[in-house]
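Visitor: Okay, here's the prediction I keep looking at, along with the sequence it came from:
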Amino acid sequence: MELRDRVRKLGAPGVEWLTVTTFHSWALRVVQRNHKALRFTRTPAVMASNNDRYKLCKEAIRSSELDIARQDIVSWMSTEFTQESSWQEIRATVENMYPALYLKAMANAASGRLGWIEMHTELYDALHEHFTGSRQAEKLGADPHKNVVRKFYDWLNKVKSHSHTAAMYAHERGYGDAFLEYQNILLTNNMVDFDDILVLAHKLMATDPDLLKMLQKHYQYLLIDEYQDSNPVQMSIVDAMQRQAGRVTVVGDDAQSIYRFRGADCGAFQAFQQSYGHEDLHRSLQVNFRSRPPVVRAAEAGLLGTQSAIFPKRLIPHKFGGTAPVTLYIVDDDWNEARFIAKQIAKMHYEERLPLEHMVVLFRALKNGRSKRLQEELTSKGIHFRMVKEYPFMEREFVADMMSFLHLSVNPDCDQAFSRMMNKPPRKLGKAAEQVLNDRRSRLADETGRHISLYEAARGAINEKDVVNFTKGQIDGYLDYLKAKKEKAAKKEAEASADNNEWWKQPSSPATPVREAPAEEAAAPAQPRKPLKHGKGRVANAIAAGLSDEEWEQDFDEDEDLDEDELGVRSVAWSEGMADVTLEELNAMFGDEHLVRLYRLAQQFERSQDVHFDMTSPASQDEGSMPHVNGQSSASSTDDGTPAVASNVIEETAGPEEAGKRVPLSGVKAVHEFMGYVSCDDELADDGTSDHTPGVTIGTIHSAKGLEWHTVFLVRCNEGIMPMGEHRTYGTEPIPQWSPDVLHALPPAESEAQKAVRDREEELRLVHVGMTRAKERLILTCLQKVYNYKKKQPEPIEPAAFLDSLRALDPTDFQGDQEEKAALT
Ligand SMILES: Nc1ncnc2c1ncn2[C@@H]1O[C@H](COP(=O)(O)OP(=O)(O)OP(=O)(O)O)[C@@H](O)[C@H]1O
């Protein structure tokens, strides 16, 4: 988004023709428009929510009949033992921990006069029985699959972040089977997991030479920003696109590579140079325009000791004057830290008149209420704050519901969406109805020998003899509901379309060019801009249709966190219907800013006419011609002041007489495009939330990437917190490294020692990123004690080792070990 806006602001002629997009968003379009080659039967939708992914893991584990007890043993053994542990050691531990079980195994082994191997089998079987037994006991209280699902989910995230595919684990029992099942469920439901998008696009490019040729021809120049965060599949896509032409420029900073956990590699630039061999074309951008010299020097000092940065560089500060040194405050504990920061913020705001939005407090991680004390302190001083990405947009319950609803409107055969919406809003479709659908589905699948969706099973359920009428009625009611919603959205879209009278075919209204247009631009057929009123296309109407439903009201009624006033306005909103209210009215009525945001994004999406040409399937190739762009600069904003959406809202027209012309997407294609669009660009969904009150930002370093503030507080510079301990950061399981042959073979994993060094360096780079967000002032804090919740007492904690490098700086640049007590008075 940031780059997109900057590019637009350039106002250069032809800038509208640029495709400015995230990797995922672009790759998704490639996948969606060529989905048949990937064995999807319909255009796939993205499964963006982690909750949905977790549910799918659960389903995959159940249907792959994963031996849960075996997984328990494996994970128990991996916490207790290492690869080098001998059987003697294992036996001794089992004897110690489970004496009865051990005796039983040994007795079995002895009575059968078994050898070593068999005895180990006995031991394994005894352990298996033991874990199965405890699972059965657990069943009474908790979900027996919970631990395994959690572990499988974590494992899957890791291997997918390294772009590993199910085929690579096909030979493995356990997780390998569940992985295959997981992918199978996605395929039959026409869904793609967020992590699969790039792999699938790469696969298409590798297997379809026509597609690759078309892409290479169309996208002749590539510029990749933040290249240090690219993962190996992204690198391969770039490589495939530009192998011959080599017209690719990559920009970034290897010292700011902070997405190792997602498979990024700070050696990306080195690999790039090796691929293209243009060492002479490397340009070092060393001047730092953002920060005052003390900040630049502290940020550099923090990196001392890292070896992985490929290009040695010395940052040259450009801004001088008004140089406050970077300051480190030693605080007693997190409570004192919160008091100290709140007091400093209040002082800067009230005495120095520094606007609150110019300050940020950055944590290494924000889980488990780490900023709670700070929030309380700020609140008690009347200081407004905003949390950044505390909880991702796509994870919001109502947003995920609405995305399911949208998905169902274009693909009723998606079981995930179908069952999610069965009771959203509450329709009281109970277990009986679910059972009927599942039984019917299994029976039909057996009879026909193919996959049957829940929707398909529901359609004939009314004719089932053995099912009670009440249940049949419920199922039929649900089908009617879905049909009615879909029809309502389509009808409203048709009305809106008639209102707008095919505006894209009308002659252009004169636009003011920023600079003189080049010849090709002048020759391009102009398309006028006539935005849809209130976003009356299919997407916004589908959302509105989904919401204008008195049953949702009940859902909110059950939300105990809402006070009565809020409930009152919401009820009015639902019963009045949503389609024609303005955003402000919506905001006032909803209370749920995220759902409003989704609706607003749909409106922007449909109004946006900064149609830049997009070529993602051979079918849409328009030989030799330049894209048809509208005559108006796409740098403009939409009516409500929000930036217009660069959405590639185009589709091929059907008949040969229309060939080459492009019209805005409508109907189901628009819904698909919109869903992919919001799922693949979380910044889009996050920026411009309805909370516009100026406030201090509280966020994580990851969320601050690319941004800047006047004053930055970088808090808890302690060993184990910032930098984080290796176990907490990246887990202990070694994940094999990727290689160009990733789809065929697994190269050896890095050693534990190598991994520890690389994890540590990643942490230091994170600290560097945090520091370089400060334009004028950087304040660090370091705790002396942390509270140990297990022991219920405070314990001393080590300061971060990187602080030593800062202490070696000149006092005009860095003042360390300031007493927080002085600052608190
Ligand atoms: N030539 C320039 N003259 C003055 N200021 C500049 C210049 N170029 C960039 N800046 C300012 O420097 C700051 C950083 O610029 P920019 O965000 O482009 O850098 P970056 O390398 O992308 O940063 P990072 O990747 O660390 O977030 C911004 O405030 C920008 O306005």
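Guide: Now that the structure is in, tell me what you want to look at.

Visitor: Those residues of this structure touching the ligand, which are they?
Guide: Contact residues, the chain versus the ligand (C-beta under 6 Å from any ligand atom): Asp253, Phe289, Arg290, Gly706, Glu708, Thr772. C-beta coordinates here come from the backbone N, C-alpha and C atoms, glycine included.

Visitor: If we use 8 Å, what do you get?
Guide: Residues of the chain lying near the ligand by C-beta under 8 Å from any ligand atom: 6, 225-226, 252-253, 256, 285, 287-290, 318, 705-708, 769, 772-773, 775.

Visitor: Of the residues you listed, which belong to strands?
Guide: If you go by DSSP state E, the residues of the chain next to the ligand have Val287, Asn288, Lys775 in strands.

Visitor: Per-residue pLDDT of Asn190, please?
Guide: As predicted, Asn190 sits at a pLDDT of 91.

Visitor: And for it, the neighbour number?
Guide: Asn190 is flanked by 19 other residues according to other C-beta atoms under 10 Å.

Visitor: Determine the number of other residues adjacent to Thr93.
Guide: 15.

Visitor: for Glu708, same thing?
Guide: Glu708 has 14 nearby residues by other C-beta under 10 Å.

Visitor: Surely Asp177 touches Ser64?
Guide: Yes. Between Asp177 and Ser64 there is a contact at 4.3 Å, judged by C-beta atoms under 8 Å.

Visitor: Which residue ranges make up each domain of the chain?
Guide: Following automatic domain parsing, one gets these domains for the chain: 2-11+488-686, 50-193, 293-384+693-824.

Visitor: Backbone torsions only: list them for Asn469.
Guide: The phi/psi pair for Asn469 (degrees, to the nearest 10) reads phi -60, psi -40.

Visitor: I misspoke; the intended subject was Ser230.
Guide: The phi/psi pair for Ser230 (degrees, to the nearest 10) is phi -70, psi 140.

Visitor: check contacts around it.
Guide: Phe23, Ile224, Val238, Ala264, Ala268 (C-beta atoms under 8 Å, 6 or more residues apart in numbering).

Visitor: beta partners for the second one?
Guide: Under DSSP bridges, the beta-bridge partners of Ile224 are Val250.

Visitor: Please renumber the chain so that the first residue is 56 from this point on.
Guide: OK, 56 is where the count begins now, so the last one is Ile279.

Visitor: Asp294 is in contact with that one, correct?
Guide: No. Using C-beta under 8 Å as the test, Ile279 is too far from Asp294 to be in contact (11.3 Å).

Visitor: how about the nearest residue to Tyr276, chain neighbours excluded?
Guide: Arg302 (4.8 Å; C-beta to C-beta, 6 or more residues apart in numbering).

Visitor: Can you report how many residues lie near that neighbour?
Guide: 13.

Visitor: That one and Asp265, how far apart?
Guide: Using C-beta to C-beta, to the nearest Å, Arg302 is found at 21 Å from Asp265.

Visitor: Let me know the pLDDT of the closest residue to the ligand within the chain.
Guide: Closest approach between the chain and the ligand, counting by C-beta to the nearest ligand atom: Phe344, at 3.3 Å. In this model, Phe344 is scored at 94, pLDDT.

Visitor: Pull the contacting residues for it.
Guide: Contacts of Phe344 by C-beta under 8 Å, 6+ apart are His373, Lys374.

Visitor: what's it sitting at in phi/psi?
Guide: The phi/psi pair for Phe344 (degrees, to the nearest 10) is phi -90, psi -10.

Visitor: Not counting its neighbours along the chain, what's nearest Cys321?
Guide: Per C-beta to C-beta, 6+ apart, closest to Cys321 is Ser312, 3.6 Å.

Visitor: Oh, that last question was meant for Met458, not what I typed.
Guide: Using C-beta to C-beta, 6+ apart, the closest residue to Met458 is Met730 (6.4 Å).

Visitor: and what of Lys374?
Guide: Closest to Lys374 by C-beta to C-beta, 6+ apart is Arg347, at 5.5 Å.

Visitor: Could you do Lys436 as well?
Guide: Ala401 (5.0 Å).

Visitor: ok, now Pro866?
Guide: Once flanking residues are discounted, Pro866 sits nearest to Pro380: 6.9 Å by C-beta to C-beta, 6+ apart.

Visitor: List the contacts of that neighbour.
Guide: By C-beta under 8 Å, 6+ apart, the neighbours of Pro380 are Pro349, Pro866, Thr867, Asp868, Phe869, Gln870.

Visitor: Would you mind listing the residues in contact with the fifth one?
Guide: Which is Phe869. Applying C-beta under 8 Å, 6+ apart, the residues near Phe869 are Pro349, Arg352, Ala353, Ala356, Pro380, Val381, Thr382, Leu383, Leu861, Arg862.

Visitor: So for whichever strand or helix holds the third one, mean pLDDT?
Guide: Secondary structure from DSSP states H and E places Ala353 in helix 348-357. In this model, helix 348-357 carries a mean pLDDT of 94.

Visitor: Which strands or helices does that helix pack on?
Guide: strand 371-372, strand 381-386, helix 807-826, strand 829-838, helix 857-862, strand 869-874 (3 or more C-beta pairs under 8 Å, 6 or more residues apart in numbering; DSSP states H and E).

Visitor: Out of these, which gets nearest to Leu83?
Guide: Minimum separation from Leu83 across the helices and strands packed on helix 348-357 (C-beta to C-beta) falls at helix 807-826, 27.5 Å.

Visitor: State the distance from the residue nearest to Val465 when sequence neighbours are not counted to Glu542.
Guide: Taking C-beta to C-beta, 6+ apart as the measure, Val465 lies nearest to Val723, with 4.3 Å between them; neighbours along the chain are not counted. Distance, Val723 to Glu542, by C-beta to C-beta: 13 Å.

Visitor: The two: who's more crowded?
Guide: Shown here are Val723 and Glu542; by other C-beta under 10 Å, Val723 has more neighbours (17 against 11).

Visitor: To which secondary structure element is that one assigned?
Guide: helix 722-734.

Visitor: Show me what that helix is packed up against.
Guide: For helix 722-734, the packing partners by 3+ C-beta pairs under 8 Å, 6+ apart are helix 78-88, strand 100-102, helix 452-465, helix 593-602, helix 648-662, helix 737-741.

Visitor: residues making contact with stretch 104-118?
Guide: 102, 123, 200, 203-204, 207-208, 211, 233-234, 236-237, 240-241, 248, 447, 449-450, 455, 458, 471, 475.
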